[in-house]
Structure formats: structure tokens, C-alpha cells
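In: Provided below are the primary sequence and the corresponding predicted coordinates.
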Amino acid sequence: MAATAPMMPFLRPLRLPRPSTVRSFLNHQFSTTARHAQTQSSQASADPNFIASQTASPVYPPPSFKSLARPKESRSSRRTAYPRKERAYPTRQPSHSPTTYTPLTRAPITPLSDELCAPNLPYFVSRTPSNELPIYLLRQRGGSLHLTRVKKIDGSIEAFRDALREELGLGEKEATINPITKHVILKGHWKPQVEQFLRKRKF
């Protein structure tokens, strides 16, 4: 009994709360609910998306948002259907100096007598490996100076130079010999004339 005596006050039923306590609790709960509802209403009034969702029409998207229909004919096909007008260029006029073409086949040449032909001459001109006469055209001083060079000369080069000078009617300074390469240099383009000179002498 001594052990159960102190617990008896705790087993007694509690008294009802006082009326002032109940009123204070109800006022606090009502004020909290009203403040939460006011906060939601202020947020809804400030959110444009919420306003738009409340005022949107049941048919979405509205007609103003719809794009226009795509045309059946594209712009690229319109450009190809109406091409640009072609520009007419003037025809090329012929030059004042017509171009001379060398025939592929050489004209026959009547050779000289045997005494005036190779190998009875003091000089001899050998042909190239492609069986061509070693006559070359040169241009110097930017193309203003034309020269003709004869290579592969054996024997007396001076006799060959003098024979060419007499045949072509050249001066002493217009037909010279290069002392290093042993080539005969003629002033001007004389390739057809030199080739005819050599062919007449059976080179």
C-alpha cells in the first residue's frame, strides 16, 4: 500500500480545460488557417501562368497561335521556273596579225650537187636522237631579242658560219660563234631558212 499511494494522484481523471484556454487555442487555429489562405490567394493573383490557366478558353491553342498553311509551290521551284536572262557576250574579233601555221609535212627540196653536199664539206651538222636538225629559237631581253642557235657542229665552225652568213645575207655581227659551246648564233628567227640550207646539203 505504501508503494501504490504516491501514484494515486496520477490515476485521477484530468479536469476540463479552462474556457479561456479553449478560446485562445481556437483563435490561434483560425488565424493560422486564414493566413495560409491569404498567402495562396496572393500568390495566385501574382502568378501570370495561374491567371492564364484560369482564364484560358477550353479550346487550345487559340486561333492566333496557329501557323499559316505551307504553300504548295516552294521558293526554289519559283526560281527555277523563272531563270535569269542569259547575257550575250560579243564574239571575239580576229587579230590584226593572223597566226601562221607550219605544215606538218615538209615540202620536197632538190639537193645540190655532190661536191657541195656532205660529206664533201669542211663542216658537218649531226641530227638529234629524234632525227631532227639541231636548230633552236631563243628569246632574250624580255622577248624583244630573237635569236637562232645551231648546235652539234663538227669540223670547221667558221666555214659553216660564213656559209650561213652568205646564204642569209647577214652582217658580221649578226652571225657569231660562241667560243665556249661552239654554237653558231644568228640574230633573228631563221629556223626555216637554216633548215632548208642544211637539207639542200643532205644533212
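Out: Cool, the structure landed.

In: how much space between Leu170 and Gly188?
Out: Per C-beta to C-beta, to the nearest Å, Leu170 is found 8 Å from Gly188. Every residue, glycine included, has its C-beta placed from N, CA and C.

In: what do you get for Arg139?
Out: From Arg139 across to Gly188, the span is 11 Å (C-beta to C-beta).

In: more neighbours, these two?
Out: Taking other C-beta atoms under 10 Å, Arg139 and Gly188 do not tie; Gly188 has more neighbours (15 against 11).

In: Verify the contact between that one and Thr148 for me.
Out: Yes: assessed by C-beta atoms under 8 Å, Gly188 is found in contact with Thr148 at 6.6 Å.

In: ok, and the closest non-adjacent residue to Ala175?
Out: Spatial nearest neighbour of Ala175, chain neighbours left out: Arg165 (4.4 Å); criterion: C-beta to C-beta, 6 or more residues apart in numbering.

In: List phi and psi for the one you found.
Out: phi -60, psi -40 (degrees, to the nearest 10).

In: Now do the contacts for it.
Out: With contact set as C-beta atoms under 8 Å, 6 or more residues apart in numbering, Arg165 has these partners: Gly171, Glu172, Glu174, Ala175.

In: Now, of the residues you listed, which are buried?
Out: Buried residues within the contacts of Arg165, counting neighbours by 16 or more other C-beta atoms under 10 Å: Ala175.

In: what's the closest of the contacts of Arg165 to Glu115?
Out: Ala175 (23.8 Å; C-beta to C-beta).

In: wouldn't that closest one be in contact with Gly188 here?
Out: No: using C-beta under 8 Å, Ala175 is not in contact with Gly188, being 10.0 Å away.

In: would JSON lines of the contacts of Arg165 with secondary structure and distance to Phe124 be doable?
Out: Shown next, in JSON lines, are the contacts of Arg165 (DSSP: H, G, I helix; E, B strand; the rest coil; distance: C-beta to C-beta, whole Å):
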{"residue": "Gly171", "secondary structure": "coil", "distance to Phe124": "26"}
{"residue": "Glu172", "secondary structure": "coil", "distance to Phe124": "24"}
{"residue": "Glu174", "secondary structure": "coil", "distance to Phe124": "23"}
{"residue": "Ala175", "secondary structure": "strand", "distance to Phe124": "18"}
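
In: Just give me the closest of the contacts of Arg165 to Ser113.
Out: Ala175 (24.7 Å).

In: Name the residues linked to that closest one by a beta bridge.
Out: Leu186 (DSSP bridges).

In: Please tell me how far it sits from Glu166.
Out: Counting by C-beta to C-beta, the gap from Ala175 to Glu166 is 10 Å.
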